[in-house]
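J.: 3D, please:
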Amino acid sequence: MCRECATRLVPEDGERVLDLPGGGSLPVDALLRYDEASRPLVLALKNGNVRRLARRFGPSLALLVPPDTDIDVVTWPPTSPARRRQRGFDHAELLARHTSRSLGAPAQPTLRRTTVDAQHGRSADERRGGVHFAVRRSATTASLPGTKVLIVDDVCTTGATLTAAAEALRSAGAASVRGLVVAMAP
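T.: So this is what the prediction gives:
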């Protein structure tokens, strides 16, 4: 990225709290405001196969986690199997793995998507009811009850993906869940 483009990026101010449908809340921190300057970066990572952006964003995302916050596991809301095949990778997984390295906490695939439709191009109401996750039944998630989980994703527009992921994790017994994204819609 050139310096001129970098100067147009707007840092996101402070933490945002999303309400969870079943009660409770999800604190979410973002590196950037999702706008005309940051959108090309997010899309380059997500659809342009520019994986090195995950290496750049990961350490910066880790710096957003408040110093007094304990994180036991870092995870991500997985993309649909069709999108993963199409792209050849899961961009949220890359972000989570690079963030986890900087935090010194393990990255684990704790969630599985139970819906297959993409969120892109849907209205806010369609997004809110259009994505669902379940906790994976594996050895890595057998110890989920009582853990403090950090969910890492690329962008938060309506909060539907993050809240659906947080609901699944809380239902499986996670003690606390935080969100962390590259960009947040105003």
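
J.: hey, let's count contacts and neighbours off CA atoms from now on
T.: Fine.

J.: tell me the mean pLDDT over stretch 144-153?
T.: Mean pLDDT, stretch 144-153: 93.

J.: How about stretch 88-106?
T.: Average pLDDT, stretch 88-106: 95.

J.: what do you get for stretch 68-77?
T.: Averaged over stretch 68-77, pLDDT sits at 95.

J.: lowest-pLDDT helix or strand in this structure?
T.: In the chain, the helix or strand scored least confidently by mean pLDDT, DSSP states H and E is helix 124-130, which has a mean of 57.

J.: Which secondary structure state does the most centrally placed residue in the chain sit in?
T.: For the chain, the residue nearest the mean C-alpha position is residue 153 (1.9 Å; C-alpha atoms, centre = their mean). When classified by DSSP: H, G, I helix; E, B strand; the rest coil, residue 153 comes out as strand.

J.: How about residue 48?
T.: Put simply, residue 48 is coil when judged by three-state DSSP.

J.: Use 793 as the first number for this chain going forward.
T.: Got it, first residue is 793 now, which makes that one residue 840.

J.: residues contacting it?
T.: Going by C-alpha atoms under 8 Å, 6 or more residues apart in numbering, residue 840 touches no other residue.

J.: now residue 824
T.: Residues near residue 824 by C-alpha under 8 Å, 6+ apart: 801-804, 830, 974-976.

J.: so where does it fall, helix or strand?
T.: Per DSSP states H and E, residue 824 falls inside strand 817-825.

J.: For that strand, output the C-alpha coordinates as CSV.
T.: What follows is strand 817-825, C-alpha atoms only, in CSV (Å, rounded to 0.1, in the frame of the first residue of the first chain):
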residue,chain,number,x,y,z
SER,A,817,-23.3,-8.7,25.0
LEU,A,818,-20.3,-9.1,22.8
PRO,A,819,-17.5,-6.5,23.0
VAL,A,820,-15.9,-6.0,19.6
ASP,A,821,-12.8,-4.0,18.7
ALA,A,822,-11.8,-3.0,15.2
LEU,A,823,-8.6,-1.8,13.6
LEU,A,824,-10.2,0.4,10.9
ARG,A,825,-13.5,1.9,9.9
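
J.: Just the ones of the contacts of residue 824 in strands?
T.: Using DSSP state E, the subset of the contacts of residue 824 located in strands is 974-976.

J.: Which member of those residues is positioned nearest residue 809?
T.: Residue 809 has its nearest neighbour among those in residue 976, at 11.9 Å by C-alpha to C-alpha.
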